[in-house]
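Trainee: need a 3D model of the sequence below.
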Amino acid sequence: MLAIKQHLFNQFKLYSTVSISLILSLFLLMIRVKLSHSFFYLFLIWNLFLALIPFAITSYLATLQNTNKIMVTLWFGLWLLFLPNAPYIVTDLIHLRLNVNTFLWLDILVVTTFACTGLLLFYISILDMKTILKTYATKTTRNYIVTVLLFLSSFGVYLGRFLRYNSWEILSNPKYLILDIFNIISQPVHHKKAWIFTIVFGLFLNIGFRVFQPLYYKQLKA
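Mentor: Residues are numbered from 1 along each chain as shown. Here you go, the predicted structure:
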């Protein structure tokens, strides 16, 4: 408990920023519900909850003083399973094409704010995991791992958005998930859309990460 309190104190500014972003997202959504009398975008709350899971995992691991490789590996696997849920919210912008009311400007603000919050949670979680792996890998290796993770997350977003898989289906429905992944990898010509999305969205996540990383470390030193 003492370690958790110390961690929260050290990261007060960071968690304050996250809290403000979460509150703003929910506040704008409630305004949208009030003005439009529609609950259409309430699914964003669930998506944001899923985005919080990897953030919560790395925040918890950061408070632990004694960890071993087996424990870190198990947590890493669970974390990786839920990680794509954070940048997935960016693709919720696709729902704007269904807009039929006069509050398009508000819908853009709502979805964009949720997407930015998801990316904030995503990048913080990635950087926290990079720090956690400091004991087990060199700086160069960790940089390579982060790059791979960003592209894997992009692929995970594709599986969720276009093939409609959920994180827990690796346990509840692994057969078809693994089969689809195998087909995409082994038959790239027949799955151009998957490869193009993974590469382009992965580059987007990588560029965003390179911009966010120095700002993150600057904030920690402030």
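Trainee: look up the closest residue to the residue positioned nearest the centre of the chain, ignoring the ones flanking it.
Mentor: Closest to where the C-alpha atoms of the chain average out (CA atoms, centre = their mean) is residue 86, at 2.1 Å. Excluding its sequence neighbours, the residue lying closest to residue 86 (CB to CB, 6 or more residues apart in numbering) is residue 122, at 3.5 Å. The way it works is simple: take the backbone N, C-alpha and C, and place the C-beta from them, glycine included.
Trainee: any idea how far residue 158 is from that neighbour?
Mentor: 16 Å (CB to CB, to the nearest Å).
Trainee: neighbour count for these two, which is higher?
Mentor: Shown here are residue 122 and residue 158; by other CB atoms under 10 Å, residue 122 has more neighbours (27 against 24).
Trainee: tell me the buried residues in whatever helix or strand the more buried one lives in?
Mentor: In this structure, residue 122 sits in helix 104-132 according to DSSP states H and E. In terms of neighbour count (16 or more other CB atoms under 10 Å), helix 104-132 has its buried residues at 106-107, 109-115, 117-130, 132.
Trainee: count the neighbours of residue 49 for me.
Mentor: Neighbours of residue 49 using other CB under 10 Å come to 10.
Trainee: contacts only, for it.
Mentor: Residues near residue 49 by CB atoms under 8 Å, 6 or more residues apart in numbering: none.
Trainee: what angle do the helix or strand containing it and helix 104-132 make?
Mentor: Using DSSP H and E, residue 49 sits within helix 43-61. Between helix 43-61 and helix 104-132, the angle comes out at 20 degrees (axes from the mean of the first three to the mean of the last three CA atoms, to 10 degrees).
Trainee: return the distance of helix 43-61 from the chain's centre.
Mentor: 8 Å (CA atoms, centre = their mean, to the nearest Å).
Trainee: just stretch 193-204 next, same as before
Mentor: Relative to the centre of its chain, stretch 193-204 is centred 16 Å away, using CA atoms, centre = their mean.
Trainee: list of residues touching it?
Mentor: 87, 150, 151, 153, 154, 155, 157, 158, 162, 184, 188.
Trainee: which of those residues fall in helices?
Mentor: When these are checked against helices (DSSP state H), the matches are 87, 150, 151, 153, 154, 155, 157, 158, 184.
Trainee: of these - the most surrounded one?
Mentor: residue 87 (26 neighbours).
Trainee: just give the nearest non-adjacent residue to it, would you?
Mentor: Excluding its sequence neighbours, the residue lying closest to residue 87 (CB to CB, 6+ apart) is residue 122, at 5.2 Å.
Trainee: near residue 185, how many other residues are there?
Mentor: Residue 185: 12 neighbours (other CB under 10 Å).
Trainee: per-residue pLDDT, residue 222?
Mentor: We have a pLDDT of 62 for residue 222.
Trainee: do residue 218 as well
Mentor: Value for residue 218, per-residue pLDDT: 78.
Trainee: now residue 101
Mentor: For residue 101, the pLDDT comes out at 71.
Trainee: surely the residue nearest to residue 86 meets residue 83?
Mentor: Yes - between residue 122 and residue 83 there is a contact at 7.3 Å, judged by CB atoms under 8 Å.
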